[in-house]
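Visitor: I need the structure of the sequence given here:
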Amino acid sequence: MKPRRNKKNRNTMEKARQMLGDFPQTVIADAGYGSEENYAYLEKKEIQAVVKYGSYHKEKSKAWKENVGKIENWTYNETEDTWTCPAGQTLHFRKETKETLESGYEVRKRHYRSSTCEGCPLKERCTKAAGNREVVVSLERLRYQEQARQTLRSEEGYALSVQRMTEPESVFGQLKNNRGFRRFLLRGMEKVTLKVGWLSLAHNLLKQAANDQKQRAAILRIAFRHPFLREIAG
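Guide: Numbers count the residues shown, from 1 in each chain. Predicted coordinates for the structure are as follows:
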């Protein structure tokens, strides 16, 4: 099975470094960037990752927490390198395989299997596969997800995550839904960059005009509450 394609941090970070002269201290991104490869890249560059992963919000649901088949709900023994499922069965390490992505990043997957699942009352809820339960997992992925989980639930991480939703996301929504801009008709990075610049300028001017209109309306409301100011305004 081919791994799910993820958005890449590497190119974005290199472009940011060229523009800013250095890497940013913190990166805030959506779950599309929450891959093991991206987490590893940010850790190597010593960049704080406020980045969600695919199952971040699902983990909070009751259905997820009660799903006995999810390895995230199991217990890992680091000393013995074993997993214990909710039924109390121990899954022992069998082998390790490696998968090299198109970028050259290597994912190390560890395979575990239970000694017996016969007669297990949770078998039907755990897996539809016949025989004993086997899981394949990247321990690095789980480690990065745990780090991301702690960061996102911290006071700072939550504030940064909310800031991202209210600032850039709202602008995207304005451009796409309210302004009707959904695709570039020009080709080449230079032309596309110029187009983005014009769109940003137009967005900022419209936003400034709306703010100015609100301020004028507020001043007029105050003015007409006072006879002297009302006389001057008239």
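
Visitor: just checking: what are the partner strands of the lengthiest strand in the chain?
Guide: Ranked by residue count and defined by DSSP state E, the top strand of the chain is strand 90-100. With DSSP bridges as the test, strand 90-100 is paired with strand 82-84 (antiparallel), strand 106-114 (antiparallel).

Visitor: so residue 53 sits against residue 31, correct?
Guide: Yes - with contacts defined as Cβ atoms under 8 Å, residue 53 counts as touching residue 31 at a distance of 5.8 Å. Backbone N, C-alpha and C define where each C-beta goes, glycine included.

Visitor: of these two, who's got more company?
Guide: Higher neighbour count among residue 53 and residue 31: residue 53, with 23 against 16, using other Cβ atoms under 10 Å.

Visitor: quick check: that one is in a strand.
Guide: No - when the secondary structure is assigned by DSSP: H, G, I helix; E, B strand; the rest coil, residue 53 falls in coil instead of a strand.

Visitor: spatially nearest residue to it (excluding sequence neighbours)?
Guide: In space, not counting the residues next to it along the chain, residue 53 is nearest to residue 34; the distance is 3.3 Å by Cβ to Cβ, 6 or more residues apart in numbering.

Visitor: quick one, strands of the chain?
Guide: Using DSSP E, the strands of the chain run over residues 26-29, 48-51, 75-77, 82-84, 90-100, 106-114, 134-137.

Visitor: rebuild the strands paired with strand 90-100 as CSV, extending it with mean pLDDT and mean neighbour count.
Guide: As requested, the strands paired with strand 90-100 are exported to CSV (pLDDT from 0 to 100; neighbours: other Cβ atoms under 10 Å):
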stretch, mean pLDDT, mean neighbour count
strand 82-84, 97, 17
strand 106-114, 97, 17
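
Visitor: minimum distance to residue 19: which of those has it?
Guide: strand 106-114 (29.9 Å; Cβ to Cβ).

Visitor: if we can go back for a sec, among the strands paired with strand 90-100, which is nearest residue 149?
Guide: Across the strands paired with strand 90-100, residue 149 has its closest neighbour in strand 82-84 (18.7 Å, Cβ to Cβ).

Visitor: so what touches that closest one?
Guide: Applying Cβ atoms under 8 Å, 6 or more residues apart in numbering, the external contacts of strand 82-84 come out as 71, 74, 75, 76, 77, 90, 91, 92, 93, 112, 135.

Visitor: contacts only, for the nearest residue to residue 158 once chain neighbours are set aside.
Guide: Residue nearest to residue 158 in three dimensions, not counting chain neighbours: residue 152, with 6.8 Å by Cβ to Cβ, 6+ apart. With contacts defined as Cβ under 8 Å, 6+ apart, the neighbours of residue 152 are 50, 52, 56, 158, 161.

Visitor: dump the residues you listed to CSV, plus neighbour count and pLDDT.
Guide: Formatted as CSV, the entries for the contacts of residue 152 read as follows, by neighbours: other Cβ atoms under 10 Å; pLDDT from 0 to 100:
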residue, neighbour count, pLDDT
50, 22, 95
52, 21, 94
56, 17, 94
158, 13, 92
161, 19, 88
